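Participant: When you get a sec, could you give me coordinates for this:
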Amino acid sequence: MIDLLYLKTMTIQELKYLVAVAEHLHFGRAASACHVTQPTLSAGLRSLENKLDLMLFERGPHGVLITSESGPLVEQARRVLAEARQFEQLARAGQSPLAGVFRLGAIPTIGPYLFPHIIASLRKDWPQLQLSLVEAQTDDLLQQLRRGDLDAALLSPPIDETGLEREHLYEEDFLLALPAGHPLQRKRTLRVTDLADEQLLLLDEGHCLRDQVVEFCRVGEASARDLLRSSSLETLRNMVTAGAGCTLLPALAVNDSSGDIRPLSRPTPSREVVLYWREKFAGAESARLLADTIRDHLPARVKPGR
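Facilitator: Coordinates of the predicted model:
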């Protein structure tokens, strides 16, 4: 039987360990996500199991499994942690905005190319800000945002915006990267229709940028599956340089190693980049200030929104 007085000593950190192991199903990765050593995480979980008089996970040679009894507890722990973060945000809202930890997510085709332009300015403008950056694909970020694991996320619409607020940050064109000696280099003006018969390099499924390129270039899904694919823009860039084909890169991702870069004539393919946060988020003022700061320090090759 659970001792309710003993249960009062259960800590937020122990609940974080519980949720982390449930998400990663691996003690090492869960410990890394919690920024603690594996022995520390294991000790915290043993303490929680003793307080609950319950085995939370099955530990075996083939990995970690959630027990049937612990499933509802994991969901409740997520809600408790979300409420604790909301409590923290409410307390912070009464102090200086953009102070303390702010958990910001970004998709892989935005984060590495935007953050270098804004990090120094954020540190200068908001010296008390501790920005915690998370990179993942759109669906994963939306899930983390809605359950309170993230304070805001940088995404590219269209997405399901139910329960979310937004600030438009900027719009950036897609530019065509061509390998050396490609026949399209001889054309003075390039259109999306010129890519119909080209070996187009795409990101893997799950990346919103892939879906946008497929739509822009009117590539059927069957054809898209036959094209060369990669998990990152950096790999696509290297494949272009190696002569494997051409690709479309967002403006911020273009650099000196991107090959021969050519704009496409109007209507020029582009994407919108938006900062999202939850409705009724206690740190909404901080999210809006973050959006303002990003817009104020964007490079000239993108079009800021207001």
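Participant: Please enumerate the helices of the stretch 51-200 of the chain.
Facilitator: 70-93, 111-125, 138-146 (DSSP state H, counting those that start in this stretch).
Participant: Tell me which of those sits most buried.
Facilitator: helix 138-146 (a mean of 18; mean count of other C-beta atoms under 10 Å). Yep, even glycine has a C-beta here, placed from its N, CA and C like the rest.
Participant: could you check the angle helix 70-93 makes with that helix?
Facilitator: Angle, helix 138-146 to helix 70-93, by axes from the mean of the first three to the mean of the last three C-alpha atoms, to 10 degrees: 70 degrees.
Participant: count of neighbours near Arg266?
Facilitator: For Arg266, the neighbour count with other C-beta atoms under 10 Å is 7.
Participant: brain fart, Gln137
Facilitator: Around Gln137 there are 17 residues (other C-beta under 10 Å).
Participant: Was I right to think it contacts Leu209?
Facilitator: No - Gln137 lies out of contact with Leu209 (C-beta atoms under 8 Å); the separation is 10.2 Å.
Participant: got any residues that touch both of these two?
Facilitator: Ile107 (C-beta atoms under 8 Å, 6 or more residues apart in numbering).
Participant: Quick check: end-to-end length of stretch 182-199?
Facilitator: Stretch 182-199 has its terminal residues 11 Å apart, counting by C-alpha to C-alpha, to the nearest Å.
Participant: Past the helix or strand of the chain with the lowest mean pLDDT, which element shows up next along the chain?
Facilitator: Of the helices and strands making up the chain, the lowest-confidence element is helix 221-226, at a mean of 47, by mean pLDDT, DSSP states H and E. Where DSSP states H and E defines the elements, the next helix or strand beyond helix 221-226 is strand 229-230.
Participant: starting at the chain centroid, how far to that next one?
Facilitator: Remark: strand 229-230 is offset 19 Å from the chain centroid, using C-alpha atoms, centre = their mean, to the nearest Å.
Participant: how much space between the residue nearest to Lys187 when sequence neighbours are not counted and Arg188?
Facilitator: Excluding its sequence neighbours, the residue lying closest to Lys187 (C-beta to C-beta, 6 or more residues apart in numbering) is Asp194, at 6.8 Å. Look at Asp194 and Arg188: by C-beta to C-beta, to the nearest Å, they are 12 Å apart.
Participant: Which of the two has more residues huddled nearby?
Facilitator: Remark: of Asp194 and Arg188, Asp194 carries more neighbours, 18 against 5, as counted by other C-beta under 10 Å.
Participant: still on that earlier bit, wait, the residue nearest to Lys187 touches Leu184, no?
Facilitator: Yes - using C-beta under 8 Å, Asp194 is in contact with Leu184, at 6.2 Å.
Participant: What ranges does the protein have for its strands?
Facilitator: For the chain, strands defined by DSSP state E occupy the ranges 57-60, 63-66, 100-106, 129-135, 152-155, 164-178, 202-203, 229-230, 247-250, 260-262, 270-278, 303-304.
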